[in-house]
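> Sequence and predicted model, in that order:
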Amino acid sequence: MAKSPNRLSASEAVLRMAQKRLKARDLVEACLDRIEAREGQVHAWEALDPDGARKRADVLDKRSRPTGPLHGIPLAVKDIIATKTMPTTCGSPIYRDHVVGKDADCVTRLVKAGAIVLGKAVTTEFAGGHAGKTHNPHNLRHTPAGSSSGSAAAVADFMVPVGYGTQTAGSVIRPGAFNGVVAYKGSYGWADMTGIKAYAPFLDTLGFFAREANDLALIRAAYGHAPADPIPGPPARPPRIGLIRTPWWDIAEPYNRKNIEEAARTLRAAGARVREWQAPDNWANLMQAQHRIMTKEATQSYAKERARSSHLFSPIMHGVMEEGDAVSRKQYADAKKRRRTALAQLDDAWTRFDILLAPSAKGEAPSGLGNTGDPIFNRFWTLLGTPCIALPFNTGPFGLPLSVQLVGARGTDDQLIAWARWVERKLS
């Protein structure tokens, strides 16, 4: 039986449209049908623009040639990212009806590449720790993680093939892991963040969710970073992979530790050279460093909201402000110094490995919707600004998705995506 259009990956859909076997309007309608059937349970969306999406699809279908690498692909936009006509609420009652009147740079780029903005996806409050309304589509009693909860859940539930997210701690990779989709957090600074509500500018990084690793290359192509070919060739040789257990390895669930080790064995059997790389002992201090930078900068990013509307902050947001206030200038500077030291130490890994293999999360998505999960396996990579990709691999004891995380050197995003395609094939 042929796949319903909404279940296609972006790469599959783009190829079918180029071959005139699929219309953008049909893909949009299939996505809207899925949303109508499931949104009442999953709650992935803050706002939708069905009429605008249909009109855009009809315009694209009249063109004789594809507009760009994402021609006809529906897109979910995280609700801290500005859009011209839909509200950008940032998951807060402070901005309930706020319409920016201009698309963020990242939205403009994908629209120019042929994407169709379907709607705004739910975010946690200001992309922080206070959970939104979204449920995990694999089990509605479990969290989808945060803060990019709506985008990850929408892609996982076949409501849309691609969704934008952002990461300041673990807000892309962890939702990707919990929802069983491919997730990408780029190298720090890889994309223009204009039009995205800042949380901690020294850490905030753009990312996205998709169904297969090759979709990442298509989205990067919209930025001029990678070829738009939807059927890439394999790398010339298997990768050199460093298995990094991290200083927090024992915090991962036992079944998840076994899953990472199984992935390492599978990739070794497929021809990869897999060896362990021991993180330096002083990396244990990186968690505190990331948290200090994040909370201190949050007090600066949300000073206006705090002064005018702090009564509308959640208790979690009030806590962040208090923690940030307690960070001294010396502690903030020391946190950045720790980052520089760790980056120099990480250079040793890149002389021996193409990519690092690490956990994406502690384990399966926890039950309950009030807790978005622990970003402990993401915080330090965000601090170091490395590109990261989460790939689904197996399920846990409750039948929820598990995932592996691939990490590359800063600025090697496209090569990391190429290796991710190789790893994805071998783990499938």
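In hand now; what should we look at?
> Quick check: K84 vs V99, distance?
Between K84 and V99 the computed distance is 8 Å (Cβ to Cβ, to the nearest Å). The way it works is simple: take the backbone N, C-alpha and C, and place the C-beta from them, glycine included.
> So between the two, which is more surrounded?
Per other Cβ atoms under 10 Å, whichever of K84 and V99 has more neighbours is K84, with 17 against 14.
> close enough to count as contact, that one and V111?
No - checked against Cβ atoms under 8 Å, the pair K84 and V111 is beyond contact range at 9.9 Å.
> Need the residues touching each of those two.
Residues within reach of K84 and of V111 at once, by Cβ atoms under 8 Å, 6 or more residues apart in numbering, are D103.
> number of nearby residues for P397?
11.
> Can you pull the phi and psi angles for it?
Dihedral pair for P397: phi -60, psi -20, per degrees, to the nearest 10.
> my guess is it contacts E364, does it?
Yes - between P397 and E364 there is a contact under Cβ under 8 Å: 7.4 Å.
> For this protein, just list every one of the strands.
Here the chain has its strands, by DSSP state E, at 45-48, 74-78, 116-121, 162-167, 182-185, 205-210, 240-243, 273-276, 355-359, 388-395, 401-407.
> Reformat these into JSON lines and put mean neighbour count next to each item.
Output for the strands of the chain, formatted as JSON lines (neighbours: other Cβ atoms under 10 Å):
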{"stretch": "strand 45-48", "mean neighbour count": "21"}
{"stretch": "strand 74-78", "mean neighbour count": "30"}
{"stretch": "strand 116-121", "mean neighbour count": "28"}
{"stretch": "strand 162-167", "mean neighbour count": "29"}
{"stretch": "strand 182-185", "mean neighbour count": "29"}
{"stretch": "strand 205-210", "mean neighbour count": "28"}
{"stretch": "strand 240-243", "mean neighbour count": "20"}
{"stretch": "strand 273-276", "mean neighbour count": "15"}
{"stretch": "strand 355-359", "mean neighbour count": "26"}
{"stretch": "strand 388-395", "mean neighbour count": "24"}
{"stretch": "strand 401-407", "mean neighbour count": "25"}
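> okay if I get these as JSON lines plus mean pLDDT and distance to P144?
Below are these laid out as JSON lines (pLDDT from 0 to 100; distance: least, Cβ to Cβ, whole Å):
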{"stretch": "strand 45-48", "mean pLDDT": "98", "distance to P144": "13"}
{"stretch": "strand 74-78", "mean pLDDT": "98", "distance to P144": "13"}
{"stretch": "strand 116-121", "mean pLDDT": "98", "distance to P144": "11"}
{"stretch": "strand 162-167", "mean pLDDT": "98", "distance to P144": "11"}
{"stretch": "strand 182-185", "mean pLDDT": "98", "distance to P144": "12"}
{"stretch": "strand 205-210", "mean pLDDT": "98", "distance to P144": "11"}
{"stretch": "strand 240-243", "mean pLDDT": "97", "distance to P144": "28"}
{"stretch": "strand 273-276", "mean pLDDT": "98", "distance to P144": "31"}
{"stretch": "strand 355-359", "mean pLDDT": "98", "distance to P144": "18"}
{"stretch": "strand 388-395", "mean pLDDT": "98", "distance to P144": "14"}
{"stretch": "strand 401-407", "mean pLDDT": "98", "distance to P144": "11"}
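> Could you export those as JSON lines, including distance to K197?
Converted to JSON lines, the strands of the chain look like this (distance: least, Cβ to Cβ, whole Å):
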{"stretch": "strand 45-48", "distance to K197": "13"}
{"stretch": "strand 74-78", "distance to K197": "10"}
{"stretch": "strand 116-121", "distance to K197": "12"}
{"stretch": "strand 162-167", "distance to K197": "9"}
{"stretch": "strand 182-185", "distance to K197": "17"}
{"stretch": "strand 205-210", "distance to K197": "12"}
{"stretch": "strand 240-243", "distance to K197": "35"}
{"stretch": "strand 273-276", "distance to K197": "40"}
{"stretch": "strand 355-359", "distance to K197": "29"}
{"stretch": "strand 388-395", "distance to K197": "22"}
{"stretch": "strand 401-407", "distance to K197": "26"}
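> The ones you listed: which one's closest to A127?
Of all those, strand 162-167 sits nearest to A127, with 6.0 Å by Cβ to Cβ.
> which other helices and strands contact that closest one?
Applying 3 or more Cβ pairs under 8 Å, 6 or more residues apart in numbering; DSSP states H and E, we find strand 162-167 packed against strand 74-78, helix 149-156, strand 205-210.
> P387 is in contact with T412, correct?
Yes - using Cβ under 8 Å, T412 makes contact with P387 at a distance of 6.7 Å.
> what touches both of these two?
Joint contacts of T412 and P387 (Cβ under 8 Å, 6+ apart) are S187.
> of the two, who's got more company?
The residue with more neighbours, out of T412 and P387, is P387; 28 against 17, by other Cβ under 10 Å.
> do you know how far the more buried one is from F398?
30 Å.
> ditto for S309
Relative to F398, S309 is positioned 39 Å away (Cβ to Cβ).
> pretty sure P144 contacts A365?
Yes - using Cβ under 8 Å, P144 is in contact with A365, at 7.0 Å.
> Just give me the residues shared between the contact sets of those two.
Joint contacts of P144 and A365 (Cβ under 8 Å, 6+ apart) are 136, 178-179.
> The residues you listed into CSV, with extra columns for neighbour count, distance to A13 and pLDDT?
As requested, the shared contacts of P144 and A365 are exported to CSV (neighbours: other Cβ atoms under 10 Å; distance: Cβ to Cβ, whole Å; pLDDT from 0 to 100):
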residue, neighbour count, distance to A13, pLDDT
N136, 28, 24, 98
F178, 33, 24, 98
N179, 33, 20, 98
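> Identify those among the residues you listed that sit within helices.
178-179 (DSSP state H).
> now what about stretch 64-72, what contacts it?
Applying Cβ under 8 Å, 6+ apart, the contact partners of stretch 64-72 are 10, 13-14, 17-18, 22-24, 27, 57, 60-61, 110, 112-116, 162, 218-219, 221-222, 228.
> try 7 Å this time
With contact meaning Cβ atoms under 7 Å, 6 or more residues apart in numbering, stretch 64-72 is reached by 10, 13-14, 17-18, 24, 27, 57, 60, 110, 112-116, 218-219, 221-222, 228.
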